[in-house]
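Trainee: sequence-free structure coming up:
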Ligand code: CAA
């Protein structure tokens, strides 16, 4: 019997993937890892490193070269985000949001003019992008937002008012994909997506969030006071905003899964080295079965997370070639990898004992950084809802 099924993209890395992974690893270990603690302490946005990542094509990995990007695939994106997160999770948040929530949105839903004006500078790393869905009173229940956009009488501009919160790169972003209500009576079908130019009047950067982890990624509120957005800057069709937001979160969740794998791998590698070198009761602590059990569980969950994340990347690549949505694959990867990052960093602190609690080693930072992966771009609870609803055929 002959098998004629097209196997599609494979989990085996190509020469190009391996070269990219090695180049990003070398860059991240040389330029990012040595300054990660300093940026964590100051909470400052790493402007210079973001510029360098832009030069390497890391701010537009999957964007075609004609729009300023590196023209690579989703596997390449996963590998790059893992390597950056191993050096510093905050840097990987900036990269993930710019690539999969903002650039991908403009590529998929933007007009040619919008791509030329907004995507090219973002994908080339000249400008920084943000995605703004959440509000102080609407997080998981994203469709209940209170911000409003009203078309003016001339029909030329939407006048936007309201307050958004937890916006990654909010303090520095040049361009923001904003989701707000244009027809509140229609519920989620009354939400519209807008491309916001931060230089226009009525755009105000609000309170910067003091955070437990990923401190250098810079997160803030955004306030809109009679911001006049030209109708040309509506992304997609009016009323399509919620679907656009959800479509982009499918891609974004692969980025957060990759980030979680990177944090977990850094914590695992540190623990392995420490277990070999640290002695207690006359031998390296790696000789004790209680430490061995931790290492075995950490390694197994880490590899499972990596495979689920690559699997979600493959599913997205099939989707881009006309295949079905990859919502479940992305949610499973994000759910499992983020809970694994929390598990592994917790075990890593324990293996390191007092040193794990000390700011002299990066392990306590990994532990603080890992927590956000269970919260943003949909909490673990929301990922479980998404997976179960899709499995049951419910909505
Ligand atoms: N792709 C495309 N369309 C989708 C979709 C997807 N993945 N998921 C849902 N939709 C569509 C549905 O088909 C439905 O379409 P119709 O208009 O035809 O009915 C519509 O969206 C509404 O879907 P639901 O009825 O399932 O919507 P819901 O109100 O029950 O909400 C939810 C579903 C899964 C809970 C969703 O609200 C959700 O994901 N919440 C979490 C939000 C989130 O992740 N926020 C993070 C923001 S970003 C961030 O963290 C900050 C940052 O800077 C990184």
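Mentor: Right, received. Where do you want to start? A quick note: this is a predicted structure, and the numbers were derived from the prediction, not measured. Residues are numbered from 1 along each chain as shown.

Trainee: what does the stretch 51-200 of the chain put close to the ligand?
Mentor: Residues of the stretch 51-200 of the chain lying close to the ligand by C-beta under 6 Å from any ligand atom are 97, 131, 133-134, 140, 142-143, 166-168, 188-189. Every C-beta, even on glycine, is put in place using the N, C-alpha and C of the backbone.

Trainee: ok, now with 8 Å
Mentor: 93, 96-97, 101, 130-134, 139-143, 166-170, 188-189 (C-beta under 8 Å from any ligand atom).

Trainee: Of those, which belong to strands?
Mentor: 130-132, 166-168 (DSSP state E).

Trainee: could you dump the residues you listed to JSON lines with neighbour count and distance to residue 124?
Mentor: Converted to JSON lines, those look like this (neighbours: other C-beta atoms under 10 Å; distance: C-beta to C-beta, whole Å):
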{"residue": "130", "neighbour count": "28", "distance to residue 124": "17"}
{"residue": "131", "neighbour count": "26", "distance to residue 124": "19"}
{"residue": "132", "neighbour count": "25", "distance to residue 124": "22"}
{"residue": "166", "neighbour count": "19", "distance to residue 124": "27"}
{"residue": "167", "neighbour count": "24", "distance to residue 124": "22"}
{"residue": "168", "neighbour count": "28", "distance to residue 124": "20"}
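
Trainee: Nearest to the ligand among the residues you listed?
Mentor: residue 168 (3.3 Å; C-beta to the nearest ligand atom).

Trainee: Could you list which residues are in contact with the residue sitting nearest the centre point of the chain?
Mentor: Note on the chain: the residue nearest the mean C-alpha position is residue 96, at 3.7 Å, using C-alpha atoms, centre = their mean. Contact partners of residue 96, counting by C-beta atoms under 8 Å, 6 or more residues apart in numbering, are 81, 252, 255-256, 258-259.

Trainee: Let me know the closest of those to the ligand.
Mentor: For the contacts of residue 96, the nearest to the ligand is residue 252 (6.6 Å; C-beta to the nearest ligand atom).

Trainee: Following element in sequence after the helix or strand encompassing the closest one, please.
Mentor: Assigned by DSSP states H and E, residue 252 falls within helix 241-277. Of the helices and strands lying after helix 241-277 in sequence (DSSP H and E), the nearest is strand 279-280.

Trainee: Just give the strands next to the helix or strand that that following strand is followed by in its sheet, each with its orientation.
Mentor: Once the chain leaves strand 279-280, the next helix or strand it forms, by DSSP H and E, is strand 283-284. In the sheet, strand 283-284 lines up against strand 279-280 (antiparallel) (DSSP bridges).

Trainee: Rebuild the ones in strands among the residues of the stretch 51-200 of the chain next to the ligand as a markdown table, extending it with pLDDT.
Mentor: Output for these, formatted as a markdown table (pLDDT from 0 to 100):
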| residue | pLDDT |
| --- | --- |
| 130 | 98 |
| 131 | 98 |
| 132 | 98 |
| 166 | 97 |
| 167 | 98 |
| 168 | 97 |
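
Trainee: Using JSON lines, lay out those together with distance to residue 264.
Mentor: Output for those, formatted as JSON lines (distance: C-beta to C-beta, whole Å):
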{"residue": "130", "distance to residue 264": "26"}
{"residue": "131", "distance to residue 264": "24"}
{"residue": "132", "distance to residue 264": "28"}
{"residue": "166", "distance to residue 264": "23"}
{"residue": "167", "distance to residue 264": "26"}
{"residue": "168", "distance to residue 264": "20"}
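
Trainee: quick one: which of those is nearest residue 380?
Mentor: residue 166 (16.7 Å; C-beta to C-beta).

Trainee: so the closest one makes contact with residue 219?
Mentor: Yes - at 5.9 Å, residue 166 counts as touching residue 219 under the criterion of C-beta atoms under 8 Å.

Trainee: which neighbours do these two share?
Mentor: With C-beta under 8 Å, 6+ apart, residue 166 and residue 219 have common neighbours residue 209.

Trainee: sorry, back to before: if you count neighbours, what's buried in the helix holding residue 252?
Mentor: Neighbour-count burial for helix 241-277 flags 241-268, 270-272, 274-275 (criterion: 16 or more other C-beta atoms under 10 Å).

Trainee: go on, stretch 31-42?
Mentor: Buried residues in stretch 31-42, defined by neighbour count with 16+ other C-beta under 10 Å: 31-32, 35-36, 39-40.

Trainee: near the ligand, which residues of the stretch 201-350 of the chain?
Mentor: 219, 242-243, 245-247, 249-250, 252-253, 256, 325, 327.
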